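> give me a 3D structure for the following:
(chains A and B)
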Amino acid sequence: MSVDYHSDQIFYRYKKIEELIKQGVEPYGEKYEVTHYSQDIHTKFTGLEGKTVSIAGRIMTKRGHGKASFAHIQDSRGKIQVYIRQDSVGEENYNFFQELDIGDIIGVTGEVFKTRTGEITINIFSFRLLSKSLRPLPEKWHGLKDVELRYRQRYIDLIVNPEVRNVFIIRSKFIQSIREFLAKEDFLEVETPVMHSVAGGATARPFITHHNALDLDLYLRIATELHLKRLIVGGMERVFELGRIFRNEGISTNHNPEFTSVEIYQANADYEDMMKLTEELVASVAQKVLGTLKIDYQGRELDLSLPWPRKDLIEVIKEITGVDFSSINDDAEARKTALAHGLEIEGNEKKGEIILTFFEKFCEDRLWGPVFVKDYPVEVSPLARRCRHNPQFTYRFETFMAGKEVANAFTELIDPLDQRERFEQQVKKRIAGNEEAHMMDEDFLTALEYGMPPTGGLGIGIDRIIMILTNSPSIRDVILFPTMKPK
RNA sequence: GGGCCAUUAGCUCAGUUGGCAGAGCACCUGACUUUUAAUCAGGGUGUCCCAGGUUCGAAUCCUGGAUGGCUCACCA
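Got it, this is the predicted structure:
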């Protein structure tokens, strides 16, 4: 048997397993019939006092007092104290219980009572070892703090740090509530390919994989956008997809290579409708999951009460930097302004690109929000419809909360001729070396050529909103297994 | 990819000027029949992240590397 007992503690526990087997005790048992969760016993104590209950969970603490012992058992809902005494289970069983270790999973049956110090407790009269733990758990008082271990061995983090479990419960409820909200609004959840022959719908570098039988390189999707719009062409007037997307870029407290988005498309709608949908969806789901619209994020309040303000991108830049791009008329002048503000430029940027850079560098992280920033330059919005009053801009907005971009939406570009021109502009950038620029997607253009109804589209970054709702400083705190280099 | 910081017992952390490797919890031996971070008596269990170097002597100083965190760049 190959057991890594590099420490004495693992060695002792391994010896215990051998001893158990010798005594005919199964160290890895079958299921235990449970009647309650630990939480039930606390919340329904009045009705349960004196009754017999069965629970199963992991031993988290142990306090032996000679011929009686206390322990805490943790299940998915919390912890409950158990009490066992030799004169109620017999000497043999009692000695066996004493041999159990912190970390072992056991099932217990006993009577609910309250100790003299007032703690709700189960007085055990029978129990069974369900799973022997060979490795010692981190310390009970300080828990597991080493962030590397917390991410690499999230299961330990979940066992010993209850607040971590809570983050992921909120995450699950949040996602479930989004589904419920959209279903109620008649949106249909769909699943589109994760492997794409053209990676489109966003400005990002894709991961590449390979299909052996077809001898074909494929990209992992960087967005769900273009397939969902094909479905709008197909007459599915309200669709959404909630799922993982992949971008082959840097890792930071706000970026993980794989992350979760929900993209929502609604025919006969525009970006004004998407703003309403965004604020209603986020606010109602936050209210449901957290019970409040006033959120504390890293010591500062974020108020999600409706309506959220709408601001023009150009106005936001003017307010924060003093630069008025509405009076800057050509690319050269825009570049000069960028240089004057210390931005590094290559010399061939378009005005629209400079505007976006200005916004990202000087404004984004100062938008506590929630706020909708709207009307983005056409050069940086190749899938959005041009504004009627100014074709240099598009009906696109991004939503900011706590200085983070959490949503991106447009009145969709449905004109196949304009779309082709936009793709061609992107392809030029690709050829010039910009690996994030969009690829030409002929198949998508063909779909548009059949006619796509006027549509509003919206993408929401689930992880970032969950960061905010759970007051988490890093995206890795809301992803169960964040991307790590192998050790 | 750049900069800064971290890595010492299973976990959380000390470690002074370069001079025997430390504490708490956990663990081991024993006592204890309502404890609450149970208590009491005894026990240190270690590849000081790795590889070189300087030195009589390195956890400590130097060089290179690994992993992680923060940050900048890139992005959402």
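> switch to C-alpha atoms for all contacts and neighbour counts from now on
Noted.
> if I look at residue A:35, how far off is RNA strand B?
Look at residue A:35 and RNA strand B: by C-alpha to the nearest atom of the strand, to the nearest Å, they are 22 Å apart.
> so is whichever helix or strand residue A:46 is part of next to RNA strand B?
Assigned by DSSP states H and E, residue A:46 belongs to helix A:45-48. No - shown here: helix A:45-48 not in contact with RNA strand B (C-alpha under 7 Å from any atom of the strand), separated by at least 14.7 Å.
> send the alpha carbons of that helix over as CSV?
Output in CSV follows, covering the C-alpha atoms of helix A:45-48 (Å, rounded to 0.1, in the frame of the first residue of the first chain):
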residue,chain,number,x,y,z
PHE,A,45,-34.9,22.5,19.3
THR,A,46,-38.1,23.0,21.2
GLY,A,47,-39.9,20.3,19.2
LEU,A,48,-36.9,18.0,19.1
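> show me what the helix or strand just after it is packed up against.
With elements assigned by DSSP H and E, the helix or strand that comes after helix A:45-48 is strand A:52-64. Using 3 or more C-alpha pairs under 8 Å, 6 or more residues apart in numbering; DSSP states H and E, the elements in contact with strand A:52-64 are strand A:68-75, strand A:105-114.
> sorry, back to before: buried stuff in the helix holding residue A:46?
The neighbour-count check on helix A:45-48 (16 or more other C-alpha atoms under 10 Å) flags A:45, A:48 as buried.
> show me which residues of the stretch 251-400 of chain A are close to RNA strand B?
A:251-259, A:361.
> from those, list the buried ones, please.
Burial by neighbour count, 16+ other C-alpha under 10 Å: within those this picks out A:255-259.
> in strands, which of those fall?
Members of those lying in strands (criterion: DSSP state E): A:258-259.
> how about the buried ones among the residues of the stretch 251-400 of chain A next to RNA strand B in JSON lines, adding pLDDT and distance to residue A:142?
Output for these, formatted as JSON lines (pLDDT from 0 to 100; distance: C-alpha to C-alpha, whole Å):
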{"residue": "A:255", "pLDDT": "93", "distance to residue A:142": "28"}
{"residue": "A:256", "pLDDT": "94", "distance to residue A:142": "28"}
{"residue": "A:257", "pLDDT": "94", "distance to residue A:142": "31"}
{"residue": "A:258", "pLDDT": "94", "distance to residue A:142": "31"}
{"residue": "A:259", "pLDDT": "95", "distance to residue A:142": "30"}
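> ok, of the buried ones among the residues of the stretch 251-400 of chain A next to RNA strand B, which one's closest to residue A:476?
residue A:256 (7.4 Å; C-alpha to C-alpha).
> surely that closest one and residue A:484 touch.
No - using C-alpha atoms under 8 Å, residue A:256 is not in contact with residue A:484; the gap is 9.7 Å.
> show me which helix runs longest in chain A.
When chain A is parsed with DSSP state H, its longest helix is helix A:162-184.
> and the next element down the chain from that one?
strand A:188-189.
> for the record, mean pLDDT for that next one?
Average pLDDT, strand A:188-189: 98.
> repeat for stretch A:75-93
The average pLDDT for stretch A:75-93 rounds to 94.
> list the contacts of that stretch.
Here stretch A:75-93 makes contact (C-alpha atoms under 8 Å, 6 or more residues apart in numbering) with A:37-39, A:41-42, A:56-58, A:67-74, A:94, A:119-126.
> can you pull the contacts of residue A:313?
Under the criterion of C-alpha under 8 Å, 6+ apart, the contact list for residue A:313 reads A:359, A:373-376.
> buried subset of the contacts of stretch A:75-93 as a ChimeraX selection?
A single ChimeraX command selects the buried members of these (16+ other C-alpha under 10 Å):
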select /A:37,38,39,41,42,56,57,58,69,70,71,72,73,74,94,120,121,122,123,124,125
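> which regions of the stretch 201-350 of chain A sit below the pLDDT cut-off?
Counting by pLDDT under 70, the stretch 201-350 of chain A contains no low-confidence segment.
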